[in-house]
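Engineer: Compute the structure for the input listed below.
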Amino acid sequence: MKNLLFYKKKAHCFEQALPIGNGRIGAMVFGNLKKERIALNEDTLWSGYPRNYNKKDAHEYLGEARKALLNKEYDRAKEIINRDMHGHWSESYLPFGDLIIEYKGVPKSDYRMSLDILTGIAKAEAYGFCESVFVSHPSQLMVINIKSEIGVSFTVKFDSQLCHNIKTEEDTLLITGQAPEVCMPPYHNKGEAIVQGDKGIKFCGAVKIIGNAQFSDSSIIVNNQKETTLLVSLATSYIDFKTMPTADAKMRAMSYFDNIKPYEALLKEHTKDFSALFNRVKFELEGGYEDLPTDKRIRRMNKKGDDYALIALLFQYGRYLTISASRPKTTAMNLQGIWNTKLRAPWSSNYTININTQMNYWCTDTANLSECFEPLTDLVKKLAENGKTTAKDYYACNGFCAHHNSDIWGMTYPAGFPDGDGDSTQYAPWCTSTPWLLNQLYEHYLYTLDEEYKKEIKELFAGCLDFYKDFLIEQNGEVITCPSISPENAFIDKGVRSPITYMPSMDREILFDFFENCRELGLDAPVINQVEPAEDGRIPEWAENFEETEIEHRHVSHLYCVYPSRYRQSEEINSATEKSLIKRGFGGTGWSLGWKICLWARLGNAENAYRLIKQQLTYINPRINIHYSGGGSYPNLFDAHPPFQIDGNFGVTAGIAEMLISRKLPKEWSGKIRGIKTYGGKEIEYSFKDGKII
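Structural biologist: This next block holds a predicted model:
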């Protein structure tokens, strides 16, 4: 199988460009051999700085909100929660800027742009010319090698949407600047959306040349060279989530140039590092059109449905993105991994921890990339520390909690309108994100059997458990969460529409697993009952038989008990889950399709999982169908929510891994698998023909 994406034309937009990265530095290569644009990101470049937006008196209104909810005074409960228990929007993940290469006289014939996901190298080629780009984890540099049989001239520049300055110092091109103190999400249009100041994160980018060059005040000029290598370093002043960002960004950026190696040595160490991770898993499906450009393959798949090798490529692409975006000592992957070119990105390109951040790491262990899981653990540690304040201020509870959004500063308070003058109750008043994340950390332990890690996370479990021992209240002889929601969905009760309720099924299912995991860790935890099928044979979404407002809602939160729960359920619950999935439909946003693939795979229904995989490969033209209502794939195989959200890529990879582990495969599939990991670090290997193991 060719682990390759390739195209016969340059990228015109982000969703056509090719992603490369080393966990800390991300770049999108557009492949324009007249005016090349390489969009840059650095994982710690966010707006904001450490500050406490918790509403100190919010807990004073908790009892009143609970009373209103349990009396079914939904509008009253909504008013209290919006006005008296609100929080603030998260800060935003920001684009670093662009590296621009203005070429002169590069041939136009035989053009080809490609991304080798085995080695993490993007190329733009034409007759006698090649531009190769990769981001090295060993050297912590982006490396651009430019070769021309007859010699080529070009100018190198920086640009950025952030406040910045560009200059040259001796043999280095520099860009320096500062991120804003506040960057509101694009849906907040009240007051000043972007606030500058002197407290935000500072950043520095630097370019050095291996080869002959001249330096103007703000650019590098190369004349008629057959080979030139650009070394690009990025850094910020970020220290950690609780410290003002006062590090020396320039000094950090320049430090990566210590002991510069020749291009061939940089290439060799990068390729060895990257391919060592990628080669752990081999997955091949027979039949496909690997000689077609990737965008044409997606279109053909929509019509014919027989490019099985493209499905294998999509699976491996999720692994590629994990290696490129999540390495030890880097920050956790956000809504767009580490690739974002918008100043006010969709949903601030933040951590959405009511599904999306969790989904980013669903495939990490099964895809045999367990060391790439570390950044998620680090994020949970931030939440555990900051969440102590939120637990006290909002619920008068011990322990810690977090809500549905977070950022690099470890935000744990409920996201929403800063002045409490809008309705955020469909997403904000939900504090069950932390037990979900901790369940995922415990499952990571089951893959690695790292006893030191187990001790480490036991302390986190104990802190979260303390919160629930205080937060849960009793109703009808059973403990419940209140207030809570089934993320981003709503119901109708006696003609009144409301998202807020008590003990939705998702809470029950997450806490059932959490308390079981606590007991396995030797902690004394409450006992709650697992969800039971409703009278209509489906898994209920809420504690009562409320009327649905959106039958095909994108979230399938109430099916957590089947996936991603690690516990295998009874036939009764599995049957109810299947009925629920059928009622929910086979549509959905990109990440929603990924979740449904995982669910059908866990249920052993390979044909329905395969149906959704093919739907995930619906071609989305980013220049025309930007507001397309369903999910799919962009030309560069990025998941289309739309817009781009990376979690869908990881969801489909996790779903295919689940199919391979369960050995329930579509009858159309023939091929082989090696290296998928199961609990205890065991790996599977087998071949299959027409969906049957051989």
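Engineer: residue boundaries of the helices in the stretch 551-694 of the chain?
Structural biologist: Applying DSSP state H, counting those that start in this stretch to the stretch 551-694 of the chain gives helices spanning 571-584, 590-602, 606-616, 647-662.
Engineer: and the third one with helix 647-662, angle?
Structural biologist: Relative orientation of helix 606-616 with respect to helix 647-662: 160 degrees, computed using axes from the mean of the first three to the mean of the last three C-alpha atoms, to 10 degrees.
Engineer: which helices and strands does helix 606-616 pack with?
Structural biologist: helix 308-325, helix 590-602, strand 632-633, helix 647-662 (3 or more C-beta pairs under 8 Å, 6 or more residues apart in numbering; DSSP states H and E). Yep, even glycine has a C-beta here, placed from its N, CA and C like the rest.
Engineer: CA atoms only for the longest strand anywhere in the chain - export them in CSV, please.
Structural biologist: Criterion DSSP state E: the longest strand present in the chain is strand 141-159. Presented in CSV, the C-alpha positions along strand 141-159 are these (Å, rounded to 0.1, in the frame of the first residue of the first chain):
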residue,chain,number,x,y,z
LEU,A,141,12.9,22.6,13.5
MET,A,142,10.9,22.9,10.3
VAL,A,143,13.2,22.0,7.4
ILE,A,144,12.7,23.1,3.8
ASN,A,145,15.0,21.8,1.1
ILE,A,146,14.8,23.4,-2.3
LYS,A,147,16.6,21.7,-5.3
SER,A,148,16.7,22.7,-8.9
GLU,A,149,18.6,21.1,-11.7
ILE,A,150,19.3,24.5,-13.4
GLY,A,151,19.3,26.7,-10.3
VAL,A,152,16.5,28.7,-8.8
SER,A,153,16.1,32.2,-7.3
PHE,A,154,13.6,33.1,-4.6
THR,A,155,12.8,35.4,-1.7
VAL,A,156,11.9,34.3,1.8
LYS,A,157,9.5,36.4,4.0
PHE,A,158,7.4,36.2,7.1
ASP,A,159,3.8,37.4,7.6
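Engineer: what's downstream of that strand, the next helix or strand?
Structural biologist: For strand 141-159, the following helix or strand on the C-terminal side (DSSP states H and E) is strand 163-169.
Engineer: Each with direction, which strands does that next one pair with?
Structural biologist: According to DSSP bridges, strand 163-169 forms sheet pairs with strand 172-178 (antiparallel).
Engineer: got the contact list for the strand it pairs with?
Structural biologist: With contact meaning C-beta atoms under 8 Å, 6 or more residues apart in numbering, strand 172-178 is reached by 97, 156-158, 160, 162-168, 196, 198, 200-208, 215, 218-220, 249-250, 254.
Engineer: List only buried entries from those residues.
Structural biologist: Judged by neighbour count, with 16 or more other C-beta atoms under 10 Å as the criterion, the buried members of those are 97, 156-158, 160, 162, 164, 166, 168, 200-208, 215, 219-220, 249-250, 254.
Engineer: Now mean pLDDT too, for the helices and strands packed on helix 606-616, in CSV please.
Structural biologist: CSV is the format used below for those (pLDDT from 0 to 100):
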stretch, mean pLDDT
helix 308-325, 98
helix 590-602, 96
strand 632-633, 95
helix 647-662, 98
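Engineer: Select, out of these, the one closest to S687.
Structural biologist: helix 647-662 (11.7 Å; C-beta to C-beta).
Engineer: what angle separates that closest one from helix 590-602?
Structural biologist: Using the same axes, to 10 degrees: helix 647-662 against helix 590-602 is 10 degrees.
Engineer: Near N259, how many other residues are there?
Structural biologist: Other residues near N259 number 6, with proximity taken as other C-beta atoms under 10 Å.
Engineer: do you know how far it is from L266?
Structural biologist: Distance, N259 to L266, by C-beta to C-beta, to the nearest Å: 11 Å.
Engineer: which residue sits farthest out from the middle of the protein?
Structural biologist: For the chain, the largest distance from the centre (C-alpha atoms, centre = their mean) belongs to I150, which lies 42.7 Å off.
Engineer: Name the nearest residue to that residue, ignoring sequence neighbours.
Structural biologist: Among residues not flanking I150 along the chain, G128 sits closest, at 6.2 Å (C-beta to C-beta, 6 or more residues apart in numbering).
Engineer: next one: K8
Structural biologist: P293 is the one closest to K8 (C-beta to C-beta, 6+ apart), at 5.2 Å.
Engineer: wait, isn't the one you found in contact with Q16?
Structural biologist: No: counting by C-beta atoms under 8 Å, P293 does not reach Q16; the two are 11.2 Å apart.
Engineer: Give me the more crowded residue out of those two.
Structural biologist: Comparing P293 with Q16 by other C-beta under 10 Å, the one with more neighbours is Q16, at 22 against 18.
Engineer: got a list of what the residue nearest to the more buried one when sequence neighbours are not counted touches?
Structural biologist: Closest residue in space to Q16, ignoring its immediate chain neighbours: P635 at 4.7 Å, by C-beta to C-beta, 6+ apart. Going by C-beta under 8 Å, 6+ apart, P635 touches Y7, E15, Q16, T294, D295, I298, Y619, N621, P622.
Engineer: hmm, 10 Å instead?
Structural biologist: Residues in contact with P635 (C-beta atoms under 10 Å, 6 or more residues apart in numbering) are 5, 7, 9, 11-13, 15-17, 293-296, 298-299, 619-623.
Engineer: Could you pick out the buried ones from those?
Structural biologist: Among those, those classed as buried by 16+ other C-beta under 10 Å are 5, 7, 11, 13, 15-17, 293-295, 298-299, 619-622.
Engineer: Out of the residues you listed, flag the one nearest to Y686.
Structural biologist: Nearest to Y686 among those, counting by C-beta to C-beta, is L5 at 27.3 Å.
Engineer: secondary structure element for the closest one?
Structural biologist: Element membership for L5, per DSSP H and E: strand 4-7.
Engineer: and the gap between the residue nearest to K8 and G120?
Structural biologist: In terms of C-beta to C-beta, P293 sits 20 Å off from G120.
Engineer: Against N212, how distant is G387?
Structural biologist: Here G387 is placed at a distance of 55 Å from N212 (C-beta to C-beta).
Engineer: Over to E488?
Structural biologist: With C-beta to C-beta as the criterion, E488 and N212 are 57 Å apart.
Engineer: Give me the more crowded residue out of these two.
Structural biologist: Comparing E488 with N212 by other C-beta under 10 Å, the one with more neighbours is E488, at 18 against 10.
Engineer: Using the three-state scheme, assign that one.
Structural biologist: Here E488 is coil, with the state taken from DSSP: H, G, I helix; E, B strand; the rest coil.
Engineer: So it is in contact with W347, correct?
Structural biologist: No: applying C-beta atoms under 10 Å, one finds E488 not in contact with W347, separated by 11.7 Å.
Engineer: Quick check: neighbours shared by P293 and Q16?
Structural biologist: Both P293 and Q16 are contacted by Y7, K9, M113, P635, under the criterion C-beta under 10 Å, 6+ apart.
Engineer: Show me which pair in the residues you listed is furthest apart.
Structural biologist: Using C-beta to C-beta, the shared contacts of P293 and Q16 reach their maximum pairwise distance at M113 and P635, which is 10.7 Å.
Engineer: Identify the contacts common to those two.
Structural biologist: With C-beta under 10 Å, 6+ apart, M113 and P635 have common neighbours L5, Y7, K9, A11, Q16, A17, P293, T294.
Engineer: Can you pick out the ones from the residues you listed that are in helices?
Structural biologist: Among the shared contacts of M113 and P635, the residues falling in helices (DSSP state H) are T294.
Engineer: among the shared contacts of M113 and P635, which two are most distant?
Structural biologist: Maximum pairwise distance in the shared contacts of M113 and P635, criterion C-beta to C-beta, is 14.7 Å, between A17 and P293.
Engineer: N439 is in contact with F514, isn't it?
Structural biologist: Yes: N439 lies in contact with F514 (C-beta under 10 Å); the separation is 5.7 Å.
Engineer: any common contacting residues for these two?
Structural biologist: The contact lists of N439 and F514 share F461, where a contact means C-beta under 10 Å, 6+ apart.
Engineer: Where does pLDDT dip in the chain?
Structural biologist: 625-629 (pLDDT under 70).
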